[in-house]
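Asker: sequence unknown, structure follows:
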């Protein structure tokens, strides 16, 4: 056999038929999984096995398998768990049961297991909190409930009927109600205003600064909302044509408008027409 073949077969020689590493001691020679099974059944004398030799041989086998990359990572984890159980069973023989030192060791082991469990629970809780949907970003709350109507005093039925009778006597032409539509800033007007402001448009100006002055009359708040929506639609239209650039750092942040280096295609077409 060539040296290269011997080097490749080395890690396979350390593995038994069951897939576990083979350990050799004065009182035992065989796979690790069988040794652990016999030790749990108390059919092998672990006192005759040296803890140092057990750890040293397992480290050599594990390092060889990792170096050769001949054993999957999951199998290496199984080997490590079996070796840890075997070392635990062997270490119990070093400290007789029922002594104060044994009780203290058991208390320390229980405290260590409890702290590890607490740390694992804290890690899972942190992962759960991280995966939760946050209010105001992924989910949104419902609107506030309408206030309950205050109890009104009972109306006089006779007076109510008289009022209805007077209303029925009014001619039909006088009973026609024609509401005055609110004054709104519409999308064509916003598009024309943005095109007019485009030659002198500075860099990164907020969208709200491009709104026209609000009328000094009742309904100015509704007019301003319509102007903001129409200006945004006009900005999206110009951005699609390549005339301006709309930027926003994050959700619900102010929208900035900047002139684009590309020519205004729609304006050029209108001029050509």
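Answerer: Perfect, thanks for sending it. Remember, predicted model here, so these are calculated numbers, not experimental data.

Asker: for the stretch 151-273 of the chain, what are the low-confidence residue spans?
Answerer: 151-155, 170-176, 218, 262-273 (pLDDT under 70).

Asker: hey, where'd the helices end up in it?
Answerer: For the stretch 151-273 of the chain, applying DSSP state H, counting those that start in this stretch gives helices covering 157-168, 187-197, 220-241, 265-272.

Asker: Save those as JSON lines, and put in mean neighbour count and distance to residue 30 too.
Answerer: C-betas here are computed from N, CA, C, even on glycine. Below are these laid out as JSON lines (neighbours: other Cβ atoms under 10 Å; distance: least, Cβ to Cβ, whole Å):
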{"stretch": "helix 157-168", "mean neighbour count": "9", "distance to residue 30": "103"}
{"stretch": "helix 187-197", "mean neighbour count": "16", "distance to residue 30": "85"}
{"stretch": "helix 220-241", "mean neighbour count": "17", "distance to residue 30": "75"}
{"stretch": "helix 265-272", "mean neighbour count": "11", "distance to residue 30": "82"}
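
Asker: nearest to residue 179, of those?
Answerer: helix 220-241 (13.8 Å; Cβ to Cβ).

Asker: coming back round to it: TSV please, covering the helices of the stretch 151-273 of the chain and showing distance to residue 43.
Answerer: Formatted as TSV, the helices of the stretch 151-273 of the chain follow (distance: least, Cβ to Cβ, whole Å):
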stretch	distance to residue 43
helix 157-168	100
helix 187-197	88
helix 220-241	80
helix 265-272	88
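
Asker: And those: which comes nearest residue 67?
Answerer: Of those, nearest to residue 67 by Cβ to Cβ is helix 220-241, at 59.1 Å.

Asker: Remind me what that closest one packs against, helices and strands.
Answerer: Packing partners of helix 220-241 (3 or more Cβ pairs under 8 Å, 6 or more residues apart in numbering; DSSP states H and E): helix 187-197, strand 244-247, helix 265-272.

Asker: and stretch 82-89, how far from the chain's centre?
Answerer: Relative to the centre of its chain, stretch 82-89 is centred 39 Å away, using Cα atoms, centre = their mean, to the nearest Å.

Asker: what's the longest helix along the chain packed up against?
Answerer: Across the chain, the longest stretch assigned as helix under DSSP state H is helix 100-131. Counting contacts by 3+ Cβ pairs under 8 Å, 6+ apart, helix 100-131 packs against no other helix or strand.

Asker: Report the separation between the residue of the chain positioned farthest from its centre and residue 163.
Answerer: Distance from the C-alpha centroid of the chain, by Cα atoms, centre = their mean, peaks at residue 169 (67.2 Å). With the distance defined as Cβ to Cβ, to the nearest Å, residue 169 ends up 11 Å from residue 163.
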